[in-house]
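J.: need a 3D model of the following:
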Amino acid sequence: MSKNKWLLFLLYIMGVCAACTNEDVVRRKEGEVTIVPLWENYAGRFRPDKINYYFYNIYDHSSFPVVVEDSTGIGVITQVLPVGIYRLAGYNTNVSADVILDTTKYLTVVAKFPSYPYTDYVPLNLCIISSEEIIIYDKDVITKEILPVEVKTKSLELIFRPSEDITINQINGTLDGAFASINLVNGRAFEDESDIFFKVDDPVNNKKVKFRISDVYSPSAVGFPSYKESKLSLTLEVKEGGKTKTKKGEFILNDIIEDIRTNKIPDDAITLYVDISSYKKLEEKVNLDVTLSR
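T.: Alright, predicted model coming up:
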């Protein structure tokens, strides 16, 4: 290659390098957070063997969410995150076999469990290490200490009391306003996608049905401002005049649920008495009256 060509080639390389050095370098603004669970203050009965963390950037979903796994069960992790405000949902993975962890919900992980049939109290073996708000500034290096909380459920029992003038062969029911899911960001009930369904095959000898629930809410409860009307609906097989007929009844539970939520009566075991009687005006219906045991 001639000297002129070498010179031209060198000048070209120098020009490219000069352009690169003059070009603005864009640096991603980010910070670092260390999560430290305070196990010395944990009041739960079990310890995790592995913990999953989900960091949700509330206002920027470009990397949504950031998932971090701690396989030690200690739960101490350090994570670099883009600048923003985050919600953290952390939970242990050695939970009861009947608990389903749903990671598809908006800004949270949801624990779902079967509420019916309720045979005996089985703990969820679920603890959460979570935070409503973690603020990450540029070049931040912060430590977030979090108290792990054991998640427990409540029991809800319905006791049916049919009047003497009605014979019931079977009860099929739906319960709206009680929930069987938990928001793992804050440990509160998560509004279910459907009602709780139950069945009583022998209401003559067994007049009770029991559920395991996360909580109960009325439409005015905090966090459920637009929740629909809460009610108990029953479809009954009733024996009349030697024939079996299908009758329906419903009772709005708003006042009872508001009473439970406001006054915590009781807070962990709820019993409702359901009085069933004939509806004189309409043969295809029954009259329901629900009262709260105190």
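J.: average pLDDT for the helix or strand hosting Tyr56?
T.: In the assignment (DSSP states H and E), Tyr56 maps to strand 51-57. Average pLDDT, strand 51-57: 97.
J.: likewise for stretch 60-75?
T.: Mean predicted confidence for stretch 60-75 is 91.
J.: how is this structure carved up into domains?
T.: The chain breaks down by automatic domain parsing into domains covering 30-151, 154-292.
J.: what's the first-to-last distance across the first one?
T.: Taking C-alpha to C-alpha, to the nearest Å as the measure, domain 30-151 stretches 33 Å from start to finish.
J.: and if you look at stretch 128-140?
T.: For stretch 128-140, the first-to-last residue distance is 25 Å (C-alpha to C-alpha).
J.: so which residues make contact with that stretch?
T.: For stretch 128-140, contacts defined as C-beta atoms under 8 Å, 6 or more residues apart in numbering pick out 29-33, 35, 37, 51, 53, 55, 75, 81-91, 142, 144, 146, 148-149, 151, 184-187. Every C-beta, even on glycine, is put in place using the N, C-alpha and C of the backbone.
J.: need the helices for the stretch 101-250 of the chain, in chain order.
T.: Counting by DSSP state H, counting those that start in this stretch, no segments of the stretch 101-250 of the chain form helices.
J.: which residues touch the residue nearest the centre of the chain?
T.: With distances taken as C-alpha atoms, centre = their mean, Ile182 lies nearest the centre of the chain, 2.4 Å away. Residues in contact with Ile182 (C-beta under 8 Å, 6+ apart) are Val110, Ala111, Leu126, Val151, Arg188, Ala189, Phe190, Ser214.
J.: equivalent analysis for Ser163, please.
T.: Per C-beta under 8 Å, 6+ apart, neighbours of Ser163: Asp275, Ile276, Ser277, Ser278.
J.: now do the same end-to-end measure for stretch 94-110.
T.: 15 Å.
J.: please tell me how far the nearest residue to Ser293 once chain neighbours are set aside sits from Ile159.
T.: Closest residue to Ser293 apart from its sequence neighbours, by C-beta to C-beta, 6 or more residues apart in numbering: Thr271 at 3.9 Å. As judged by C-beta to C-beta, to the nearest Å, Thr271 and Ile159 stand 7 Å apart.
J.: Leu232 now?
T.: From Leu232 to Ile159 the distance is 12 Å (C-beta to C-beta).
J.: these two: which is more packed in?
T.: Leu232 (23 against 14; other C-beta atoms under 10 Å).
J.: before we move on, the earlier item: flag whichever of the domains of the chain has the least confidence on average.
T.: Among these, domain 154-292 carries the lowest mean pLDDT, at a mean of 84.
J.: that one: how far from the chain's middle?
T.: 21 Å (C-alpha atoms, centre = their mean, to the nearest Å).
J.: could you do stretch 33-46 as well?
T.: Mean-position distance between stretch 33-46 and its chain equals 21 Å (C-alpha atoms, centre = their mean).
J.: for it, measure first residue to last.
T.: 26 Å.
J.: now stretch 31-49
T.: Its start and end residues considered, stretch 31-49 measures 28 Å (C-alpha to C-alpha).
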